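Enquirer: I'll drop the sequence and a predicted model, then ask my questions.
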Amino acid sequence: MFQEAVQLGAKWIKVSLGHFHLDRSNVLDLKEFLSLNHGIELLIENDQSVYGGNIRSMKAFFEKAAIHDVPVDMTFDAGNWFFSGQDVREALHELSTYLKYLHLKQVEEREEGLVTLSLDFEGNHRWINVMKCFPAELVKGLEFSIEPKEAVKKYIDSVTQLSVAR
């Protein structure tokens, strides 16, 4: 993955935490690996699973990484907390100091369960409340299907305006 990132000229690689275990997972191995692959930053994202989207596991990982000076930051996916059954406000409180990148998507409960939708800028949606907790200049990514592709600029402009206006 890191070799491919170098070939592509990527600055970041984003992966899920996976099955981190405080007493068994060795962050020093990660630190050594990252020292051999400098120039690309590693971001750990909360995923939609009960283990990779768990606030306690994420916090334990980032605390242990900080103690050992492991150069890793967080991608905070505002919508994934709902899929993993975690409280997004608690996640903000516990993890915001590790954040470098924010994924925005709108998640709503429907008859078929939770669904990811395009951003709705009207109303008081949870993704807006999450975004308001961070500085306007924080890097944000849109993580939902955008059709037609020409609408991407509209979403970027709208998120930028909302960030600055707050």
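Expert: Cool, the structure landed.
Enquirer: Tell me which residues of stretch 158-166 come out buried.
Expert: For stretch 158-166, the neighbour count (16 or more other C-beta atoms under 10 Å) marks 159, 163 as buried. Where you see a C-beta, it was placed from the backbone N, CA and C, and this is true even at glycine.
Enquirer: quick one: average pLDDT of that stretch?
Expert: Averaged across stretch 158-166, the pLDDT comes to 87.
Enquirer: how far out from the middle of the chain is that stretch?
Expert: 19 Å (C-alpha atoms, centre = their mean, to the nearest Å).
Enquirer: likewise stretch 38-54?
Expert: Its chain's C-alpha centre and that of stretch 38-54 lie 7 Å apart, by C-alpha atoms, centre = their mean.
Enquirer: Export that stretch to CSV, keeping only CA atoms.
Expert: Output of stretch 38-54 as CSV, limited to C-alpha atoms (Å, rounded to 0.1, in the frame of the first residue of the first chain):
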residue,chain,number,x,y,z
HIS,A,38,8.4,8.5,5.8
GLY,A,39,6.9,11.1,3.6
ILE,A,40,3.5,9.5,3.7
GLU,A,41,1.3,10.1,6.7
LEU,A,42,-0.9,7.3,8.2
LEU,A,43,-4.5,8.2,9.1
ILE,A,44,-6.6,5.8,11.1
GLU,A,45,-10.4,6.0,10.4
ASN,A,46,-13.3,4.9,12.5
ASP,A,47,-15.1,2.4,10.3
GLN,A,48,-18.6,1.0,10.5
SER,A,49,-17.8,-2.1,12.5
VAL,A,50,-18.1,-2.7,16.3
TYR,A,51,-14.4,-3.1,16.6
GLY,A,52,-13.0,-0.5,14.2
GLY,A,53,-15.6,2.0,15.0
ASN,A,54,-15.4,1.7,18.8
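Enquirer: Other residues contacting it?
Expert: 2, 5-6, 10-20, 30, 34, 57-58, 61-62, 71-77, 80-81, 83-86, 91, 95, 100-101, 103 (C-beta atoms under 8 Å, 6 or more residues apart in numbering).
Enquirer: ditto for stretch 86-97
Expert: 46, 53-55, 58-59, 62, 74, 76, 78, 81-82, 126, 130, 133-134.
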